[in-house]
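J.: based on what follows, work out the 3D shape:
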Amino acid sequence: MTASSGWLADRGGTSVEGVRRRGIDARLRAGSGTRDGGVIYVARVTSTDVDEICRLKYRYLRTLDTKQWDEFEQCFVPEATGDYNGLVFDDRAALVGYMRENVVEGMITLHQAHHPEITVQGDTATGHWYLQDKVIVEAFRFVLEGAAIYTDRYVRTPAGWRVAHTGYRRTYEMTWSMDDVPSLKISGPGSHTHV
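T.: Numbering: from 1, shown residues only. Got it, this is the predicted structure:
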């Protein structure tokens, strides 16, 4: 028995019957494989796929916070969608355009995503991430802090993994005025004053 590129008939060089005994039938019923003429095909998932998806997410966060919009745009397929707690985008151009116009110089942002839960099925994948973020707008004396759960979809392209959908739902959000903390000092790119 042979398997086509990107698919395996079994996971460890054992017989298909051995694979069935290890629970592949249950995964097949859950939608993680296909059955063709009595042969079970299971998507080949490698740690490289998961690593590449993690690096994609990290690049998305880094380029958002550093406002590198051309590189940020390359994280997505053109038809990518977004839904940030109800702020919805129908394609990559709308999403990137919004970020470019609203995450401007003088706005300090911090986005950290961790605890990834990634599931790869062939050339598509899903991911859940825990987000912690902070936004500081010194000109308005405004600070936002919060957390959320990202739910992403990814697709494998000739250029590597890309985001097909991203979005999150808040677990909490907190805002406050910098005037509430008289001793607060901020320094960094775009902010060289003490407040």
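
J.: return the list of strands paired to the lengthiest strand in the chain, each annotated with direction.
T.: Secondary structure of the chain per DSSP state E: the longest strand is strand 160-177. Note on strand 160-177: by DSSP bridges, its sheet partners are strand 76-84 (parallel), strand 142-157 (antiparallel).

J.: what average pLDDT does it get?
T.: In this model, strand 160-177 has a mean pLDDT of 98.

J.: quick check: buried residues in it?
T.: Residues Trp161, Arg162, Val163, Ala164, His165, Thr166, Gly167, Tyr168 are the ones in strand 160-177 that count as buried (16 or more other C-beta atoms under 10 Å). (Glycine included, C-beta is placed from N, CA and C.)

J.: how about stretch 119-133?
T.: Using 16+ other C-beta under 10 Å as the burial criterion, the residues of stretch 119-133 that qualify are Val120, Gly122, Ala125, Thr126, Gly127, Trp129, Tyr130, Leu131, Asp133.

J.: in strands, which of these appear?
T.: Going by DSSP E, the strands hold Val120, Ala125, Thr126, Gly127, Trp129, Tyr130, Leu131, Asp133 from the buried residues of stretch 119-133.

J.: ok, what's across the strand from the last one?
T.: The bridge-partner assignment for Asp133, based on DSSP bridges, gives His111, Gly146.

J.: check contacts around it.
T.: Thr109, Leu110, His111, Gln112, Leu144, Glu145, Gly146, Ala147, Ala148 (C-beta atoms under 8 Å, 6 or more residues apart in numbering).

J.: for the residues you listed, pick the one with the most neighbours.
T.: Ala148 (21 neighbours; other C-beta atoms under 10 Å).

J.: my guess is it contacts Gly167. True?
T.: No. Using C-beta atoms under 8 Å, Ala148 is not in contact with Gly167, being 9.2 Å away.

J.: pull up the overlap in contacts between the two.
T.: Jointly contacting Ala148 and Gly167 under the rule C-beta under 8 Å, 6+ apart are Asn85.

J.: need the nearest residue in space to Ala113, chain neighbours excluded.
T.: Closest residue to Ala113 apart from its sequence neighbours, by C-beta to C-beta, 6 or more residues apart in numbering: Trp129 at 4.1 Å.
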